[in-house]
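Undergrad: Structure for this input, please:
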Amino acid sequence: MTPAPLDSRRAPNPLVGIAVFVLIAVAGLAYVKWYPYYNRAFVAASNHSIGNSILMGTAASAPAPSWTAALDYALVYGKAIWQAMVLGLLLGSAVQALLPPRWIARALGGAGFGSVFVGGMMSLPGMMCSCCAAPVVAGLRARQASPGGAVAFWLGNSVLNPATLVFMGLVLGWHWAGLRLVLGVAMVFGLGYLINRMVSPSEAAGASERVARLLEGNVDAPTLSAGEYWKQAFTRWGQILWRMTIRLVPEYIVLVLLLGAARAWLFPVIGPDIGNHWIWIVALAVAGALFVIPTAGEVPIIQAMLSLGMAAGPAGALLMTLPPIRLPSLAMVAQSFPPRELATVAVGVVAFGLLGGALAVALGF
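TA: Down below sits the predicted model:
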């Protein structure tokens, strides 16, 4: 009997790409996030502090707008996040080049709550700020992750960060950590589900068709040998990484400089005059949603503001709006979502900030 010819379109074993992705993710997160945060938890437990506020240091107000203020903040902020940003770019490009497209479509491609739940749970080990998670979000969307699943992953990285919740409990008190956890779960999964429900019928039909094609294996079926296939895959990874870097990093740097210079406008002199009036809660909720901070940066910021006499209501607003989004990260994912979806996320985050401020007042924080 003549043996059947080999199927030249059968995909090579995906374990090579998966192994490389997992190695980068685990090694990178261990070096950039897990090990440093493990050590910082002991500092927080012994000192009830994780450092000075990046917003204003030990002063009662941020420096006046100037080029020096912009550059100083950008340098301090850049030193705090550059490693995580590099990791985010590596992972965001590797998602597109190395992982089997069908895996992402199967896990995150659904239009219901399932993809939102998976995206939120996938975010927990990442512990990234929203800007560093943005390249991964862009990569997931490029591989047909649902908008709601990608939003849940994006918000969950910072809002449900387990390390930040521990720091918050040890530094600010466990009542603050509990407030953040309860509202954070509602924000991540609620806004993610809302975004999925906003998808129009035509958009949903197109996305379902693309996901179905991926699940059937009709996309990216190689006609090359395994060696040539992976050579091209790693070349494609480098090309995607380069394109993401030159597109995202320059606009990111410009916006960080602008926000660093505008600190004094976004956050006025902090003290007892910043009370529980709604105007302060609304103003700081909006400012928190626009400003850019590193992971867990809200903890020393809120600690410093409370020590200067600011009321609990504005602090509760900042608790919910400083971490999840900021102007640079919104710009970084602008090509991955329709404007109405990003606007809904931004308005939703501010609304949760107002709710956080109201609850902090009502519960007597």
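Undergrad: If we ignore the residues flanking it in sequence, what's nearest Ser336?
TA: Arg141 (4.0 Å; C-beta to C-beta, 6 or more residues apart in numbering). For glycine as for every other residue, the C-beta is placed from the backbone atoms N, C-alpha and C.
Undergrad: same thing with Gly309?
TA: Pro272 (3.7 Å).
Undergrad: can you confirm the one you found is in a helix?
TA: No: read with DSSP: H, G, I helix; E, B strand; the rest coil, Pro272 is coil and lies in no helix.
Undergrad: and it, how many residues sit next to it?
TA: Using other C-beta atoms under 10 Å, Pro272 is surrounded by 9 other residues.
Undergrad: wait, doesn't Ser158 sit right on Gly297?
TA: No: Ser158 lies out of contact with Gly297 (C-beta atoms under 8 Å); the separation is 9.8 Å.
Undergrad: Name the residues contacting each of those two.
TA: Cys129 (C-beta atoms under 8 Å, 6 or more residues apart in numbering).
Undergrad: ok, back up a step: what's the residue nearest to Gly309 in contact with, if anything?
TA: 308-310.
Undergrad: hmm, back to that, which residue of Ser158 and Gly297 possesses the greater neighbour count?
TA: Ser158 (30 against 24).
Undergrad: I'd like the distance between the more buried one and Ser329.
TA: Distance, Ser158 to Ser329, using C-beta to C-beta, to the nearest Å: 9 Å.
Undergrad: overlap in contacts of the two?
TA: Listed as contacting both Ser158 and Ser329 by C-beta under 8 Å, 6+ apart are 129-130, 133.
Undergrad: any chance of those in a markdown table, plus secondary structure?
TA: Shown next, in a markdown table, are the shared contacts of Ser158 and Ser329 (three-state DSSP):
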| residue | secondary structure |
| --- | --- |
| Cys129 | coil |
| Ser130 | helix |
| Ala133 | helix |
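Undergrad: Got a PyMOL select line for the buried ones in those residues?
TA: Buried residues within those, by 16 or more other C-beta atoms under 10 Å, are selected in PyMOL with:
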select buried, resi 129+130+133
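Undergrad: With respect to Ala304, which of the shared contacts of Ser158 and Ser329 is nearest?
TA: Cys129 (18.9 Å; C-beta to C-beta).
Undergrad: And Pro100, what's its pLDDT?
TA: Looking at Pro100, its pLDDT is 88.
Undergrad: quick one, phi/psi of the residue nearest to Ala64 when sequence neighbours are not counted?
TA: Excluding the flanking residues, the one nearest Ala64 by C-beta to C-beta, 6+ apart is Ala264, at 5.4 Å. Dihedral pair for Ala264: phi -70, psi -20, per degrees, to the nearest 10.
Undergrad: Can you tell me how far Ala264 is from Pro272?
TA: 19 Å.
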